[in-house]
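Asks: Mind looking at a prediction? Sequence and model below.
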Amino acid sequence: METHAAGPGAFARLDLGRVPSPCFVVDEAAVRRNLAVLKDVGERSGAKVLLALKAFSMWALADLVGDHLDGVCASGLWEARLAREHYRGELTTYAPAYRGEDLPEILRLSDTVIFNSPAQLARFAGAIAQARAEGAVFDIGLRLNPEHSEAEVAKYDPCQNGSRLGFPVSQLRLEHLEGVDGLHIHALCEQGVEPLRRIWQSLEPKLAGMLAGLTWLNLGGGHHITRADYDREGLVTLLRDIAERHGLQVYLEPGEAIALDAGVLVGEILDVFDNGGPVAITDISATCHMPDVIEAPYRPAMLNESDSETAVTVRLGGPSCLAGDIIGDYRFDSPPEPGARLAFLDQAHYSMVKTNTFNGVPLPAIALWNSDTDALRVVRRFDYADFRDRLS
């Protein structure tokens, strides 16, 4: 999978020795710039923009998010709780399926609850009525599968054959929308406006006669709006056109776009040896700290990788026992020594939320840096108790 990291940016001047190792370092100034772009798009298009917590849930920046966006979206009960504890604005919750014991609290917490199928919505009609009788106020949504694939990687394609995400639009009937306030459509992954336009052009005729009773349309996430080459003017035009043609409030749920190019993962070389070429073990684990390196797979960009013709290629891997815990092959001016620091770019989104403690590998600390002022503080450290208390 091709990554879209824009390069080191301000991180080129960060002293990697200022933070513990390993450590995620998030640039507050970069997040602020991304949020300003998203706020501008929202204001000019009339769309409401929500942060997808599944991608970036660093609640130390919740107030900053609240200053720029209309709210957040959650993927289940615990994210919904986090949203209400730390974030401002609207809360939309969607999950492929809800546990019956979780749904009453989700309905109380959320402004909008989106269901994955009409059958699930009908099954929980009693819980919905009970929550409203107890004073809860919320909209109901239905996620659609537009059955139009644009994603570059099949396993990240919500519209793949046999997808579990969304009700197939070819099966949608007007009776399925009884009690439904809006539709949710998410079919992108790190993409621009043209795939979104093609999805909508494919979907709009199939919804003829079905949108009149609705109040909103949620176009989900996967929008790389803050990438330098994104056609933001085209997006604004498209969103305004949809809203005006159908009288709908349009929503977007970007996740990566909030933290794109706004964070690095700092680590340290632990050992170097030769096995058909230089091999270095780091305290950064692909499987524990950057699982998308293995799952996507992809090769994360490394800060200050050498471009010299005489550079040495070194295989970097993590400290776990997994044979496949390999980050990738990287070029150095000379073989690195134990104790040397390194950093991988664009790790604020998804990496932070997907970390795990396989093998008892420690979780990275989390630091907040401001590239404008050079102020830095470590906002969270993890210790043995965090590993122990997940087990029994």
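Replies: The structure has been received and is ready for your questions. Residues are numbered from 1 along each chain as shown.
Asks: hey, let's count contacts and neighbours off CA atoms from now on
Replies: OK.
Asks: For the stretch 101-250 of the chain, which segments are assigned as strands?
Replies: Using DSSP state E, counting those that start in this stretch, the strands of the stretch 101-250 of the chain run over 112-115, 139-145, 167-168, 182-185, 216-218, 249-252.
Asks: of those strands, which approaches Pro336 most closely?
Replies: strand 249-252 (43.8 Å; C-alpha to C-alpha).
Asks: Note down every partner strand of the closest one and its orientation.
Replies: Strand 249-252 has the following sheet partners, assigned by DSSP bridges: strand 48-52 (parallel), strand 216-218 (parallel).
Asks: Kindly state the domain boundaries assigned to the protein.
Replies: The chain is divided into the following domains under automatic domain parsing: 9-25+262-388, 46-259.
Asks: could the strands of the stretch 101-250 of the chain go into TSV alongside distance to Asp15 and mean pLDDT?
Replies: Below are these laid out as TSV (distance: least, C-alpha to C-alpha, whole Å; pLDDT from 0 to 100):
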stretch	distance to Asp15	mean pLDDT
strand 112-115	43	98
strand 139-145	45	98
strand 167-168	49	97
strand 182-185	42	98
strand 216-218	41	98
strand 249-252	36	98
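Asks: show me what contacts the nearest residue to Gly317 once chain neighbours are set aside?
Replies: Nearest residue to Gly317, sequence neighbours excluded (C-alpha to C-alpha, 6 or more residues apart in numbering): Ile326, at 4.1 Å. Residues in contact with Ile326 (C-alpha atoms under 8 Å, 6 or more residues apart in numbering) are Ser285, Ala286, Arg315, Leu316, Gly317, Gly318.
Asks: what packs against the helix or strand hosting the third one?
Replies: In this case it means Arg315. Using DSSP states H and E, Arg315 falls within strand 312-317. Under the contact definition 3 or more C-alpha pairs under 8 Å, 6 or more residues apart in numbering; DSSP states H and E, strand 312-317 sits against strand 278-282, strand 326-332.
Asks: before we move on, the earlier item: so which of the strands paired with strand 249-252 has the densest surroundings on average?
Replies: The highest mean neighbour count among those, using mean count of other C-alpha atoms under 10 Å, belongs to strand 48-52: a mean of 26.
Asks: What lies in contact with that one?
Replies: With C-alpha under 8 Å, 6+ apart as the test, strand 48-52 has contacts from 38-39, 42, 65, 69-74, 90, 221, 249-255, 258.
Asks: sorry, back to before: generate CSV for the strands of the stretch 101-250 of the chain, with distance to Ser308 as supplementary columns.
Replies: Listed next are those as CSV, based on distance: least, C-alpha to C-alpha, whole Å:
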stretch, distance to Ser308
strand 112-115, 52
strand 139-145, 48
strand 167-168, 51
strand 182-185, 46
strand 216-218, 47
strand 249-252, 43
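Asks: nearest to Tyr230, of the helices and strands packed on strand 312-317?
Replies: strand 326-332 (28.3 Å).
Asks: Quick one: distance of the helix or strand immediately after the closest one in the chain to the chain centre.
Replies: Once the chain leaves strand 326-332, the next helix or strand it forms, by DSSP H and E, is strand 341-345. A distance of 21 Å separates the C-alpha centroid of strand 341-345 from that of its chain, computed with C-alpha atoms, centre = their mean, to the nearest Å.
Asks: Please list the outside residues in contact with the helix or strand following strand 341-345.
Replies: Downstream of strand 341-345, the first helix or strand assigned by DSSP H and E is strand 365-369. Contact with strand 365-369 is made by 19-28, 375-382, as judged by C-alpha under 8 Å, 6+ apart.
Asks: Could you point out which of the strands paired with strand 249-252 sits nearest Ala154?
Replies: Closest approach to Ala154 among those (C-alpha to C-alpha): strand 48-52, 21.6 Å.
Asks: now the closest one: mean pLDDT?
Replies: Averaging pLDDT along strand 48-52 gives 98.
Asks: Check which helices and strands the lengthiest helix in the chain sits against.
Replies: Taking DSSP state H as the criterion, the chain has its longest helix at helix 28-45. Packing contacts for helix 28-45, counted by 3+ C-alpha pairs under 8 Å, 6+ apart, involve strand 48-52, helix 62-68, helix 232-246, helix 256-259.
Asks: rerun that using 7 Å as the cut-off
Replies: Helix 28-45 is packed against helix 62-68, helix 232-246, helix 256-259, with contacts defined by 3 or more C-alpha pairs under 7 Å, 6 or more residues apart in numbering; DSSP states H and E.
Asks: and these, which is most packed in?
Replies: helix 256-259 (a mean of 28).
Asks: which outside residues touch that helix?
Replies: In this structure, residues lying in contact with helix 256-259 by C-alpha atoms under 7 Å, 6 or more residues apart in numbering are Val31, Asn34, Leu35, Ala55, Phe56, His223, His224, Ile225, Thr226, Ala348, His349.
Asks: And that helix, how far out from the chain middle?
Replies: 7 Å.
Asks: need the contact list for Ala74.
Replies: Ala52, Leu53, Lys54, Ala80, Thr92, Thr93, Tyr94.
Asks: Farthest pair within those?
Replies: Across the contacts of Ala74 (C-alpha to C-alpha), the longest gap, 12.3 Å, separates Lys54 and Thr92.
Asks: and the two? which has more neighbours close in?
Replies: Using other C-alpha atoms under 10 Å as the criterion, Lys54 and Thr92 rank with Thr92 on top: 28 against 18.
Asks: Longest strand in this protein, please.
Replies: Ranked by residue count under DSSP state E, the longest strand found in the chain is strand 263-274.
Asks: Nearest spatial neighbour of Ala343, chain-adjacent residues omitted?
Replies: Nearest non-adjacent residue to Ala343, counting by C-alpha to C-alpha, 6+ apart: Val266, 4.3 Å away.
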